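[1] here are the coordinates; sequence isn't available:
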């Protein structure tokens, strides 16, 4: 049971960390228009717009890495 909770906690943490990190992978045009704070506060617009794919893929990658880390940390 602890391993499952470790995986879930790690995946959720990774997913939440993945969104702000995805800012670094967005095109320069978007980063020139928005600060990281704007990017985070306008998450609904970002995840609905043309830049959603980068944000979602980054969040999923971090969720998997976080989940595996959480799983391994409870071993």
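    That came through, no problem. Bear in mind the structure is a predicted one, so any value in this text is a computation, not a measurement.
[2] what comes up buried for stretch 42-56?
    46, 51, 54, 55 (16 or more other CB atoms under 10 Å). Every residue, glycine included, has its C-beta placed from N, CA and C.
[3] mind putting these in a markdown table, distance to residue 9 and pLDDT included?
    Listed next are those as a markdown table, based on distance: CB to CB, whole Å; pLDDT from 0 to 100:
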| residue | distance to residue 9 | pLDDT |
| --- | --- | --- |
| 46 | 25 | 92 |
| 51 | 28 | 91 |
| 54 | 25 | 93 |
| 55 | 22 | 93 |
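[4] pick out the most distant pair among those.
    Maximum pairwise distance among the buried residues of stretch 42-56 (CB to CB): 9.2 Å, between 46 and 54.
[5] OK, contacts around the most centrally placed residue in the chain?
    Residue closest to the average C-alpha location in the chain (CA atoms, centre = their mean): residue 18, at 1.7 Å. Residues near residue 18 by CB atoms under 8 Å, 6 or more residues apart in numbering: 55, 58, 59, 60, 61, 62, 63.
[6] which of those residues fall in helices?
    55, 58, 59, 60, 61, 62, 63 (DSSP state H).
[7] ok, of these, which come out buried?
    Here, 16+ other CB under 10 Å leaves 55, 58, 59, 62, 63 buried among the ones in helices among the contacts of residue 18.
[8] shaky segments in this protein?
    1, 75 (pLDDT under 70).
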